[in-house]
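Undergrad: A structural model of the following input is requested.
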Amino acid sequence: MDMRLERRLAPRRNTRISATIAFDGGRATRPCVIRNISESGAKIELPASVAGIPNTFDLLIGGLHPQPCRVVWRALREIGVAYTGG
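TA: Residues are numbered from 1 along each chain as shown. Next up, the predicted model:
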């Protein structure tokens, strides 16, 4: 039985959305895949290590407005983020 406490504020749905992480004023970008998403955050998978990804960045999805994010947790190739924009 999984005893981990669920602390998410909103339910997430599984996805496979191609996106881009942008930081350093948009001068640096990294491709990524959004693996699950909710109104308050997302789990993001990178093709390589998460090393070099700052604690705050913009998540770019298609033609939508950039979504400011804050890293909540990190693993080798995945990060969990909370949205910080209004």
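
Undergrad: can you pull out the strands in the chain?
TA: 13-23, 28-37, 41-45, 56-60, 67-74, 78-83 (DSSP state E).

Undergrad: Please identify the most buried of those.
TA: Counting by mean count of other Cβ atoms under 10 Å, strand 41-45 has the highest mean neighbour count of the strands of the chain, with a mean of 21. Every residue, glycine included, has its C-beta placed from N, CA and C.

Undergrad: Need the strands of the chain in a markdown table (columns: mean pLDDT).
TA: Formatted as a markdown table, the strands of the chain follow (pLDDT from 0 to 100):
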| stretch | mean pLDDT |
| --- | --- |
| strand 13-23 | 95 |
| strand 28-37 | 97 |
| strand 41-45 | 97 |
| strand 56-60 | 97 |
| strand 67-74 | 97 |
| strand 78-83 | 97 |
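
Undergrad: So in terms of bridging, what pairs with the closest residue to Phe57 other than its chain neighbours?
TA: In space, and not counting its chain neighbours, Phe57 is closest to Phe23: 4.1 Å by Cβ to Cβ, 6 or more residues apart in numbering. On the basis of DSSP bridges, Phe23 takes part in beta bridges with Ala28.

Undergrad: Quick one: residues contacting Phe23.
TA: 29, 53-54, 56-58 (Cβ atoms under 8 Å, 6 or more residues apart in numbering).

Undergrad: Now stretch 15-30 - C-alpha only, PDB.
TA: C-alpha atoms of stretch 15-30 as PDB (Å, rounded to 0.1, in the frame of the first residue of the first chain):
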ATOM      1  CA  THR A  15      -0.400  14.200 -20.600                       C
ATOM      2  CA  ARG A  16       2.400  14.000 -23.200                       C
ATOM      3  CA  ILE A  17       2.600  17.700 -24.200                       C
ATOM      4  CA  SER A  18       5.800  19.000 -25.900                       C
ATOM      5  CA  ALA A  19       6.900  22.200 -24.300                       C
ATOM      6  CA  THR A  20      10.000  24.400 -23.700                       C
ATOM      7  CA  ILE A  21      11.600  25.700 -20.500                       C
ATOM      8  CA  ALA A  22      12.900  29.200 -20.900                       C
ATOM      9  CA  PHE A  23      15.200  31.100 -18.500                       C
ATOM     10  CA  ASP A  24      17.900  33.700 -18.300                       C
ATOM     11  CA  GLY A  25      15.500  36.300 -19.800                       C
ATOM     12  CA  GLY A  26      14.600  33.900 -22.600                       C
ATOM     13  CA  ARG A  27      18.200  33.500 -23.800                       C
ATOM     14  CA  ALA A  28      18.400  29.900 -22.600                       C
ATOM     15  CA  THR A  29      15.800  27.200 -23.500                       C
ATOM     16  CA  ARG A  30      15.500  23.400 -23.000                       C
END
